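Undergrad: give the three-dimensional model of this entry:
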Amino acid sequence: MPRATGWLRTLKQDPSQMEEAIREGRERLKTETDPRWIASLERSLRNMGQRLETLPLLELQLPAWTFSGSLEFYGTRRRAELLEVTPAHTAHELYLLLPEDHIAFIGDLGFFQCQPYMAFCEPQAWIEQIERLEQAAIEILVPGHGPLGTKADLALQKQYIAILPRLVVEAITEGLSPGELIQRDLPPPFQAWLHGGMLRWEANVHALYERLSSGVGT
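TA: I've put the predicted structure just below:
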C-alpha cells in the first residue's frame, strides 16, 4: 500500500504536475467547441482545483486491520459484512453489505448513470461480479459514482462493460485509430453519458486499444 500510494506523497511535495494540467485544460477550454468536451473539461478543472486546494490537508492513513474474504461487524441494531472481490474494476475491491436492510455500498463496482472507468479492469470478471450482486437479496445500491440505484442500474452498467470491448475490437478491425473511435457516437442510452464524460471515454478507449490490439486478427 505505501508503494501504491507513493504518488500522493510526491504530489504533496511537488504539485507542479497538477498545476500544469490545470493550465493546459484552461487553454484547451478557450478553443473547444464540442459541448461534450466543454462540459468534460469544466468538470475536470473543478475536480483538479478542489484537489489542489485540499492537497496540503490530506494525510495518508494506512489501515490498522487487513483481511481476506469477508469481515463481519455486529452492532446494537444491525450487522454488516465487508466483502472482498478480486478482480473487477481493479485487482482488489471491497463492498459493504447490510443484509437485513438489503442495502449494499458497492464503491467502484458501481457507476450509475455515468460511464464506468475501465482502464484497470477485468471486464468479464467485473460482469460476473455484477451478476452475483444482481442475484443477491439487495434492493438499494450505493455506488462509488452516481446516484443511488437499483439492480436496473447494475444491468445497464453491465451492458456498457460488455459493449465497449466489442466496439474497440470492431474499430481495430476496421483500421480506426483510438482518436477516430472517440469521435464516434455510443449506442443509446450511453451516448448521453458522454456529456461531461469525454475524458473517461477517452481513457477507456485508449486502455482497451492497448489491451486488445495484439489479439485482433491473431
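Undergrad: can you report how many residues lie near residue 118?
TA: Per other C-beta atoms under 10 Å, the neighbour tally for residue 118 reads 23. Where C-beta positions appear, they are placed from N, C-alpha and C, glycine not excepted.
Undergrad: surely it and residue 206 touch.
TA: No. Taking contacts as C-beta atoms under 8 Å, residue 118 lies outside contact range of residue 206: 10.5 Å.
Undergrad: by contact count, what packs against the strand ranked longest in the chain?
TA: Longest among the strand segments of the chain by residue count, using DSSP state E, is strand 103-111. With contacts taken as 3 or more C-beta pairs under 8 Å, 6 or more residues apart in numbering; DSSP states H and E, strand 103-111 sits against strand 93-98, helix 123-135, strand 140-145, helix 151-174.
Undergrad: okay, now the unreliable bits of the chain?
TA: Residues of the chain meeting the criterion pLDDT under 70: 215-218.
Undergrad: got phi/psi on the residue nearest to the spatial centre of the chain?
TA: The centroid of the chain falls nearest to residue 117 when counting by C-alpha atoms, centre = their mean (3.1 Å). Backbone torsions for residue 117, taken as degrees, to the nearest 10, come to phi -90, psi 120.
Undergrad: contacts only, for it.
TA: 89, 108, 111, 145, 200, 203, 204 (C-beta atoms under 8 Å, 6 or more residues apart in numbering).
Undergrad: ok, residue 11 - contacts?
TA: Residue 11 neighbours (C-beta under 8 Å, 6+ apart): 17, 18, 55.
Undergrad: skip the chain neighbours and tell me the closest residue to the second one.
TA: The shortest distance from residue 18 to any residue that is not its chain neighbour, by C-beta to C-beta, 6 or more residues apart in numbering, is 5.5 Å, and that residue is residue 52.
Undergrad: and the one you found, that one's in a helix?
TA: Yes. Checked against DSSP: H, G, I helix; E, B strand; the rest coil, residue 52 lies within a helix.
Undergrad: from residue 115, how far out is it?
TA: 24 Å (C-beta to C-beta, to the nearest Å).
Undergrad: residue 158 now?
TA: For residue 158, the distance to residue 115 - C-beta to C-beta - is 13 Å.
Undergrad: between these two, who's got more neighbours?
TA: Neighbours per residue (other C-beta under 10 Å) separate residue 158 from residue 115, with residue 115 holding more: 24 against 20.
Undergrad: using the three-state scheme, assign that one.
TA: Classified using three-state DSSP, residue 115 is coil.
Undergrad: now it: how far from residue 99?
TA: Distance from residue 115 to residue 99, counting by C-beta to C-beta: 30 Å.
Undergrad: swap in residue 191?
TA: For residue 191, the distance to residue 99 - C-beta to C-beta - is 37 Å.
Undergrad: neighbour-wise, which of those two wins?
TA: Of the pair residue 191 and residue 99, residue 99 is the one with more neighbours under other C-beta under 10 Å, namely 15 against 12.
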